[in-house]
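Student: please work out how this folds:
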Amino acid sequence: MRFPLHIATDMMRWQAKNWWAGTERVPVVLMLEPLHTCNLACIGCSPERYSGDLRDRLPLSKCFEAVDDCGAPVVSVCGGEPTVYPEIVELIDGIIARKKHAIMCTNAILLDRFYKKAKPHKRLSINVHLDGMQQTHDFVVDKAGVFEKAIAMIKEGKRLGYYVCTNTTVYRETSVDEIEAMCAMLTDLDVDGILLSPGYHYEAIEGDDHFLFLDDIHAKFKRIVELSKKYRKISSTPLFLQFAAGLREYPCTPWGNPTYSPKGWKGPCYLIGDEYFGSWKDFFGGVDWDYWETRKDPRCHNCKMHSGFEASVVRKLGERMSDVVTMTRWQMEDVRNA
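Tutor: Next up is the predicted model:
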């Protein structure tokens, strides 16, 4: 099975519960940003986005309140850099105690510190950010040596018994040949999954020529669709990869991955923060979901981010039996020795 069984069963129960209640819009993954502090300044982030003071981090009580209010079965702990959050082990333990699956997204620089304090658990995934091979990755994060540390922490995580996956943003200068080399290397390291998503940013930032437009995305991801047939560790769903390659279409599902941060609930989506809300009720009732779903806003035209569209894959899955068969076969595939 591609993902741990509990993720699939928890997701099915959550979807069935909301279907039975007549809930039309259902969050799938909570993007929890307990802090806006980071120990890197990557080219994919605007300088002010994750340069916050550590003293402004969310208290644990607010984090757990967001997890409970949202209800999504998966919580992606991001930021900022989660390993900088002093209460990170307590946060992960609290998420697991609520029978959610925690994904800790990290640049791995301080991951050894987390390993010393935490323990592997079936409801925890370590998601290491890796944007290509050494030269490209260290360029993207603007710091030498980060690639080597990330690889070392992937190896150590696997040795300790953690479920370890990677998350790669494909930029304009990213060669698909390099992506293939990276997939081959990570397969040899026996990672549990390789997530690939196109780089995109709706606002102008210094050096924003690194980001992709639709034609660039389609060209690169048509090749990545083929790579996914060879490298079975690629964990982006086949339907999302087809969408990224321009081979099928989806509306956006901005409510599928709601974001909670020190500023509050971010609306309308993970990238675009037009407004922040103090409560889950105000957020979910205060965003014009009908508008943002259509992708008519000019800032959405080049967006094919997994945070908006993997949830669309889930939402639209039942509309075609062939898609159900494709996803079932994909989920049931044994990739442990792929």
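Student: every contact and neighbour count from this point should use C-alpha atoms.
Tutor: Noted.
Student: low pLDDT regions in the stretch 51-200 of the chain?
Tutor: 51, 200 (pLDDT under 70).
Student: please redo it, this time with the cut-off set to 90
Tutor: 51-53, 79-80, 139-142, 169-175, 198-200 (pLDDT under 90).
Student: and the strands in it?
Tutor: 74-77, 101-106, 124-129, 163-170, 193-198 (DSSP state E, counting those that start in this stretch).
Student: identify each buried residue in the longest one, please.
Tutor: It stands for strand 163-170. By 16 or more other CA atoms under 10 Å, the buried positions in strand 163-170 come out as Tyr163, Val164, Cys165, Thr166, Asn167, Thr168, Thr169, Val170.
Student: for the last one, name its beta-bridge partners.
Tutor: The bridge-partner assignment for Val170, based on DSSP bridges, gives Pro198.
Student: isn't it right next to Leu196, touching?
Tutor: Yes: counting by CA atoms under 8 Å, a contact exists between Val170 and Leu196, whose distance comes to 7.0 Å.
Student: run through who's touching stretch 82-97.
Tutor: 33-35, 37-39, 54, 57, 60, 63-64, 67, 75, 101-102, 104-106, 110-111, 113-114, 117-118, 123-124 (CA atoms under 8 Å, 6 or more residues apart in numbering).
Student: switch the cut-off to 7 Å
Tutor: Leu35, Leu60, Ala102, Thr106, Leu110, Leu111, Phe114, Lys117, Ala118, Arg123 (CA atoms under 7 Å, 6 or more residues apart in numbering).
Student: picking that back up, may I see the strands of the stretch 51-200 of the chain arranged in CSV, with distance to Gly318 as well?
Tutor: Shown next, in CSV, are those (distance: least, CA to CA, whole Å):
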stretch, distance to Gly318
strand 74-77, 21
strand 101-106, 24
strand 124-129, 27
strand 163-170, 27
strand 193-198, 23
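Student: go through the ones you listed and name the closest to Arg248.
Tutor: Nearest to Arg248 among these is strand 193-198; the distance by CA to CA comes to 15.8 Å.
Student: need the distance between the two termini of stretch 116-125.
Tutor: 16 Å (CA to CA, to the nearest Å).
Student: any idea how far apart the tips of stretch 110-124 sit?
Tutor: Using CA to CA, the two ends of stretch 110-124 sit 17 Å apart.
Student: and that stretch, which residues are buried?
Tutor: Leu110, Leu111, Asp112, Tyr115, Arg123, Leu124.
Student: out of those residues, what pair is the most spread apart?
Tutor: Leu110 and Arg123 (20.9 Å).
Student: and stretch 300-314, what's its mean pLDDT?
Tutor: The pLDDT scores in stretch 300-314 average 89.
Student: let me fix that: stretch 255-271
Tutor: 95.
Student: from the chain's centre, how far out does it sit?
Tutor: When distances are taken as CA atoms, centre = their mean, to the nearest Å, stretch 255-271 is centred 13 Å away from the chain's centroid.
Student: ok, Cys70 - contacts?
Tutor: By CA under 7 Å, 6+ apart, Cys70 lies in contact with Trp280.
Student: tell me how far it lies from Gly285.
Tutor: Distance from Cys70 to Gly285, by CA to CA: 13 Å.
Student: next one: Tyr162
Tutor: Distance from Tyr162 to Gly285, by CA to CA: 38 Å.
Student: neighbour count winner among those two?
Tutor: A direct count of neighbours by other CA atoms under 10 Å for Tyr162 and Gly285 places Tyr162 higher, at 22 against 9.
Student: not counting sequence-adjacent ones, nearest residue to the more buried one?
Tutor: Once flanking residues are discounted, Tyr162 sits nearest to Pro120: 5.0 Å by CA to CA, 6 or more residues apart in numbering.
Student: please apply the same query to Gly157.
Tutor: Val164 (6.6 Å).
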